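**Q** next come a sequence and a model predicted from it.
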Number of protein chains: 2
Amino acid sequence: MSGDQSLLKRLNRMAIVRQIKSRPGMARGELARVTGLADSTISVLVNELIEEGWIKATESAGGGGVGRRPKLLALDPDRIAILGAEVGVDYLNVVACSLRGQVLFSRMGDYQHGAVERSVGDLARLLAEARHTMTAAGRRLLGVGVGVPGMVAPGGLLRLAPALGWREVAFGDLLTEALHEARRPDLPVTLLNDANAAALSEYVFGASLTVRSLIFLSLGYGLGAGIVLDDQLQVGRDGGSGEVGHVILRPDGAPCACGRRGCAETLISQKEVSRLMTGRDLPVLHIGELLDRQERHDLALARAAREVGAHLGLVLHNLVVTINPELVVLGGPLSRLDGLVEAAQEALQRYAGASPNHQVLARVSRLGLDACAVGAAGGVLNQLLQRGETAPARALA
Amino acid sequence: MSGDQSLLKRLNRMAIVRQIKSRPGMARGELARVTGLADSTISVLVNELIEEGWIKATESAGGGGVGRRPKLLALDPDRIAILGAEVGVDYLNVVACSLRGQVLFSRMGDYQHGAVERSVGDLARLLAEARHTMTAAGRRLLGVGVGVPGMVAPGGLLRLAPALGWREVAFGDLLTEALHEARRPDLPVTLLNDANAAALSEYVFGASLTVRSLIFLSLGYGLGAGIVLDDQLQVGRDGGSGEVGHVILRPDGAPCACGRRGCAETLISQKEVSRLMTGRDLPVLHIGELLDRQERHDLALARAAREVGAHLGLVLHNLVVTINPELVVLGGPLSRLDGLVEAAQEALQRYAGASPNHQVLARVSRLGLDACAVGAAGGVLNQLLQRGETAPARALA
């Protein structure tokens, strides 16, 4: 840890990394101006951060003037890696990415969960493979972020993952233990709700770095939202923010697994797409099966996707009148189904009227099925930056 | 203005006022500890703030020990006043309150709006009466906050107040002009959406000063919410946050004034209570008439209140699963109807299931019909504290 770093120094290092992250291509002089730090302080800290692999300096294209050209600073994409993972209801996904969110390693596969210990063991094996690939390529690791389909409390406690039947599991501790390797420092584990993680993929690594409020809707086995407002991921009093799958759309609708009726998840979910196609509740068609059928231009799938998308438009309307965000991003497996997002956007426009709230930018995540895992890695970076811990020694393994 | 105060000094004064506000009864020593300021700085600034009427020092009850008892510091309720007002759809309300939110003056009356200039003129006359009452009592005034039933943009622009037919009105400027008095400094005017103002009545002056997230639901002619998350009033990208009256509860429901169908306002509003009682859309019974009938134990009113309350329970459920706040406060005229809030709370409990989000504290505002006006005054104080302007000279008139 940074026992040898004063709090002030840590905060100054953090300020520098944050500024360079939000405005890549700054020169040292501009950095001094925006942070208010002395040139000499900037010089010492920037050199330190370059040495540790956080930032890199490149020659500016230069205007051919006299004298030395200023070096331009940006996050270094080549020397540090962060691991991210998603525990899907019917798959596991593990990625490694750079400080800029570029995906360097990705392993995704169908998975049937049972006892939590087995899932943790298999996840740890995939993560170890990613770790070894990264260290073999000369990268240092900051930590591991994991998105799970459930409610997460501080300290890595998974309170409840209804679709997996897990309850009050010390997931963070279990995974830390399973990841332990002799003669290597433990990697810090950050546990996040899957939709919250996905929201961070946009907030931490998104193309629009100036966005301060967004909602990420995660469309998959269930339906969840991650909400960033006022530059903060909003997790709620109990970590239960964004449970929009259980907003009630039809008080007399179909029974939901939660015990209520007419929840949004009964109308917008992989289960419902599957049910509309097969006429049966079970088995739920896997996402791989759905994407295969899409390649074969399955008409029942196309119809189901549009029907589910229209319901999604109603949920979007209700969210934008309640929260008025700058950006809505749609992700998760179902966002890959042709017609679903289009039907949702059409419905949202039908509800718009004269409301400025509806002039929201609503688009699909550019990260495809990796959004949650990449965002979980982003959560690790975000936490270090917010705490001012840009270089925890034990994590740089 | 504080042209003679350095930024640092202003921030330090602000830190002191905020600390004393959140923990009344601190002694100077404790204040030095929590702010990190030197004893000598604390001493100078506290004396200044006492002189200006912001804080007062009282003898501690004391344990009978030897030596001088430490003086306890709290916001001074006796020397400063803030004006607050609500432009209701069918009434005007003006209050003056102390730094602690105690109501010192209150004038409420039915009002029929037409041209915005007439309403501004009548509002200004009520505010002038409040101002003169306060200055006659020896109080200095910080400013005027006004809550309006519409969407507000920065700079005091009222974008749209659908129920009043006002659109793109420079309400703040009009009111500043109407309030102008020769040989007195202009009072700064802060314009807020009515539900946002009401939320500040709880956040700025509420009994639970430790609450960092809350939703205030304003139940009246329409339905709106003010949302405080992460210690910030969330107004949204366009000032349109909290428009929960236009969350769609029934896609095939009754037409709403906004042009959509089945909006929450069609089921939860003064219009709907009135319609359930009379069987007609118009005229909408005034709140005074409703409260009179309540005194006469009108059964149709009691039934309508419970029916509307049950729909409100659904809105509450949808909000707590989406946002997971610490506190929900119900206010506005309809919260005075017997049975309405109870029916909403019963419905919320029916939807609770095993969700921790539903263990939210949901209660009625203690301020009754003054919540919006008092909260608008709170908005003035909040703004000064957040900007570090505890004593703008031109406002202390």
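**A** Yep, that arrived. Owing to the predicted nature of the structure, the values given are computational and were not obtained by experimental measurement. Numbers count the residues shown, from 1 in each chain, chains lettered A, B, ... in the order given.

**Q** please count neighbours and contacts with C-alpha atoms only from this point.
**A** Noted.

**Q** ok, which residues in the stretch 151-300 of chain A are in contact with chain B?
**A** Proximity of the stretch 151-300 of chain A to chain B, by Cα under 8 Å from any Cα of the partner chain, involves residues A:213, A:229-230, A:234-244, A:246-250, A:258-260.

**Q** show me which of these are buried.
**A** A:213, A:229-230, A:234-244, A:246-250, A:258, A:260 (16 or more other Cα atoms under 10 Å in any protein chain shown).

**Q** circling back: from the residues of the stretch 151-300 of chain A next to chain B, which land in strands?
**A** Cross-referencing those against strands under DSSP state E gives A:229, A:234.

**Q** and A:N93, that's in a helix?
**A** No. A:N93 is assigned strand when assessed by DSSP: H, G, I helix; E, B strand; the rest coil, not a helix.

**Q** where do the helices sit along chain A?
**A** Taking DSSP state H to define them, one finds helices in chain A at A:7-22, A:28-35, A:39-51, A:116-136, A:171-179, A:194-205, A:264-267, A:270-278, A:287-295, A:299-323, A:340-352, A:371-387.

**Q** so A:M108 versus chain B, what's the distance?
**A** Relative to chain B, A:M108 is positioned 30 Å away (Cα to the nearest Cα, to the nearest Å).

**Q** tell me who's in contact with that residue.
**A** A:91-94 (Cα atoms under 8 Å, 6 or more residues apart in numbering or on different chains).

**Q** and the spatially closest residue to A:L285 that is not a sequence neighbour, how many neighbours?
**A** What sits nearest to A:L285 in space, not counting adjacent residues and going by Cα to Cα, 6 or more residues apart in numbering or on different chains, is A:S274, at 5.5 Å. A:S274: 23 surrounding residues under other Cα atoms under 10 Å in any protein chain shown.

**Q** so A:S274 is in contact with A:V284, correct?
**A** Yes. Applying Cα atoms under 8 Å, one finds A:S274 in contact with A:V284, separated by 5.7 Å.

**Q** ok, back up a step: need the max-distance pair from the contacts of A:M108.
**A** A:Y91 and A:V94 (10.2 Å; Cα to Cα).

**Q** between these two, which one's more packed in?
**A** More crowded of A:Y91 and A:V94, by other Cα under 10 Å: A:V94, with 28 against 16.

**Q** touching, that one and A:A85? I think so.
**A** Yes. Using Cα under 8 Å, A:V94 is in contact with A:A85, at 4.3 Å.

**Q** and for the two, which residues touch both?
**A** What both A:V94 and A:A85 touch, as defined by Cα under 8 Å, 6+ apart, is the set A:127, A:373.

**Q** per-residue confidence at A:R68?
**A** Looking at A:R68, its pLDDT is 69.

**Q** correction: A:G62
**A** pLDDT at A:G62 comes out at 59.

**Q** please save the CA atoms from stretch A:239-256 in CSV.
**A** The C-alpha coordinates for stretch A:239-256 follow below in CSV (Å, rounded to 0.1, in the frame of the first residue of the first chain):
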residue,chain,number,x,y,z
GLY,A,239,-27.4,-1.6,-2.9
GLY,A,240,-30.8,-2.1,-4.5
SER,A,241,-30.9,0.9,-6.9
GLY,A,242,-31.9,0.1,-10.5
GLU,A,243,-34.0,-2.9,-9.9
VAL,A,244,-36.2,-1.8,-12.8
GLY,A,245,-37.0,-5.4,-13.7
HIS,A,246,-39.5,-5.3,-10.8
VAL,A,247,-41.2,-2.0,-11.7
ILE,A,248,-44.8,-3.2,-12.1
LEU,A,249,-46.1,-2.5,-15.6
ARG,A,250,-49.3,-4.5,-15.3
PRO,A,251,-50.8,-4.9,-11.8
ASP,A,252,-52.9,-7.9,-13.0
GLY,A,253,-50.1,-9.3,-15.3
ALA,A,254,-48.3,-12.6,-15.2
PRO,A,255,-46.7,-13.9,-12.0
CYS,A,256,-43.0,-12.9,-11.6
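
**Q** could you check how far that stretch is from the centre of its chain?
**A** 23 Å (Cα atoms, centre = their mean, to the nearest Å).

**Q** then stretch A:120-135?
**A** With Cα atoms, centre = their mean, you get 19 Å for stretch A:120-135.

**Q** got it, and stretch A:93-110?
**A** The mean C-alpha position of stretch A:93-110 is separated from the chain mean by 11 Å, Cα atoms, centre = their mean.

**Q** buried sites along the one helix or strand in chain A whose mean pLDDT sits lowest?
**A** Across the helices and strands of chain A, mean pLDDT, DSSP states H and E gives its lowest value to helix A:7-22, namely a mean of 85. Going by neighbour count (16+ other Cα under 10 Å), the buried part of helix A:7-22 is A:10-22.

**Q** can I get the residues you listed in TSV with distance to B:A182?
**A** Below are the buried residues of helix A:7-22 laid out as TSV (distance: Cα to Cα, whole Å):
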residue	distance to B:A182
A:R10	54
A:L11	51
A:N12	51
A:R13	54
A:M14	52
A:A15	49
A:I16	51
A:V17	53
A:R18	50
A:Q19	49
A:I20	52
A:K21	53
A:S22	49
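
**Q** what is the nearest of the residues you listed to chain B?
**A** Nearest to chain B out of the buried residues of helix A:7-22 is A:L11 (Cα to the nearest Cα; 17.3 Å).

**Q** residues contacting the residue nearest to A:L285?
**A** So A:S274 contacts A:280-281, A:284-285 (Cα under 8 Å, 6+ apart).

**Q** closest one of these to chain B?
**A** A:D281 (22.6 Å).

**Q** what about the stretch 101-250 of chain A, any weak spots by pLDDT?
**A** A:207-209 (pLDDT under 70).

**Q** let's see it at 50
**A** Across the stretch 101-250 of chain A, nothing is flagged by pLDDT under 50.

**Q** A:L175 contacts A:S119, correct?
**A** No. Using Cα under 8 Å, A:L175 is not in contact with A:S119, being 9.7 Å away.

**Q** ok, the least confident helix or strand of chain A near chain B or not?
**A** No. On the criterion Cα under 8 Å from any Cα, helix A:7-22 is out of touch with chain B, staying 14.6 Å away.

**Q** OK, contacts around the residue nearest to A:A371 when sequence neighbours are not counted?
**A** Using Cα to Cα, 6+ apart and skipping the chain neighbours, the partner closest in space to A:A371 is A:A198 (5.2 Å). Residues in contact with A:A198 (Cα under 8 Å, 6+ apart) are A:216, A:218, A:226, A:331, A:371-376.

**Q** now A:A198: how far from chain B?
**A** In terms of Cα to the nearest Cα, A:A198 sits 16 Å off from chain B.

**Q** again with A:L92
**A** 26 Å.

**Q** just name the most buried of the helices of chain A.
**A** Comparing these by mean neighbour count (mean count of other Cα atoms under 10 Å in any protein chain shown), helix A:194-205 ranks first with a mean of 30.

**Q** okay, the angle between that helix and helix A:371-387?
**A** 60 degrees (axes from the mean of the first three to the mean of the last three Cα atoms, to 10 degrees).

**Q** how is chain A carved up into domains?
**A** A:7-75, A:80-197+A:373-395, A:208-365 (automatic domain parsing).

**Q** any chance of those in TSV, with distance to B:N382 too?
**A** Formatted as TSV, the domains of chain A follow (distance: least, Cα to Cα, whole Å):
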stretch	distance to B:N382
domain A:7-75	27
domain A:80-197+A:373-395	25
domain A:208-365	17
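
**Q** closest to B:L157 out of those domains?
**A** domain A:208-365 (14.8 Å).

**Q** distance between the closest one and the chain's centre?
**A** 17 Å.
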